[in-house]
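Visitor: Provided below are the primary sequence and the corresponding predicted coordinates.
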Amino acid sequence: MNRYSDELKARFGFDVELGDGEAPDDPWLRQVLTRRTQRRYDSRPVPEALVRLLLAAAFSASSKSDYQQASVIWVQNRGRRDRIAALFPDMPWIGTAPVFLVFLGDARRLDRIGELRGHREDNGTMEGFFNATVEV
């Protein structure tokens, strides 16, 4: 018997087989499976210091080889943001969220950090590409 059959069917639209054995009846897992995203935002601006602190924390998280091969573009210019939002009409929160960040894989970041610290690191390989791609 699959104790999560209703939640899984509601999430994925079909029956999901969990395999042999009994899955634990966990309220937290039920909550995760039934979670839906609501993208409505408060009109208060987010302090720049908080955004910078959250990004510093994000870039302090573990990553493959601790390379942190990602960069973030903080799109603050309203015109640019509106042009990006126009490309994605099914994502209206791009224009309404108080902060809009674009995360991207950046394999060159490791090269720049190595140069700054005087330790050249050759990262122009497929591994560098995949590291940056998978982590973002």
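Guide: Okay, I see it. Residues are numbered from 1 along each chain as shown.

Visitor: Mind listing what's buried along the helix or strand in which L8 is found?
Guide: Secondary structure assignment for L8, by DSSP states H and E: helix 5-12. Neighbour counts over helix 5-12 (16 or more other C-beta atoms under 10 Å) mark 7-8 as buried. From N, CA and C alone the C-beta is placed, and that goes for glycine too.

Visitor: Now find how far off-centre the very next helix or strand once past that helix is within its chain.
Guide: The first helix or strand that comes after helix 5-12 along the chain, using DSSP H and E, is helix 27-34. Taking the mean of its C-alpha atoms, helix 27-34 sits 20 Å from the chain's own mean (C-alpha atoms, centre = their mean, to the nearest Å).

Visitor: same thing with stretch 43-60?
Guide: The chain centroid and the centroid of stretch 43-60 are separated by 15 Å, computed with C-alpha atoms, centre = their mean.

Visitor: what's it in contact with?
Guide: Residues outside stretch 43-60 that contact it (C-beta atoms under 8 Å, 6 or more residues apart in numbering): 68, 70, 72, 74, 98-99, 101.

Visitor: the domain parsing of this structure - what is it?
Guide: For the chain, automatic domain parsing gives the domain ranges 5-34, 48-135.

Visitor: how about those domains, which one is nearest R40?
Guide: domain 48-135 (8.1 Å; C-beta to C-beta).

Visitor: Would you check how far apart V99 and S60 are?
Guide: Between V99 and S60 the computed distance is 19 Å (C-beta to C-beta, to the nearest Å).

Visitor: One more: G118?
Guide: Distance from G118 to S60, by C-beta to C-beta: 22 Å.

Visitor: next one: R78
Guide: 30 Å.

Visitor: now swap in V72 and tell me
Guide: According to C-beta to C-beta, V72 and S60 sit 13 Å apart.
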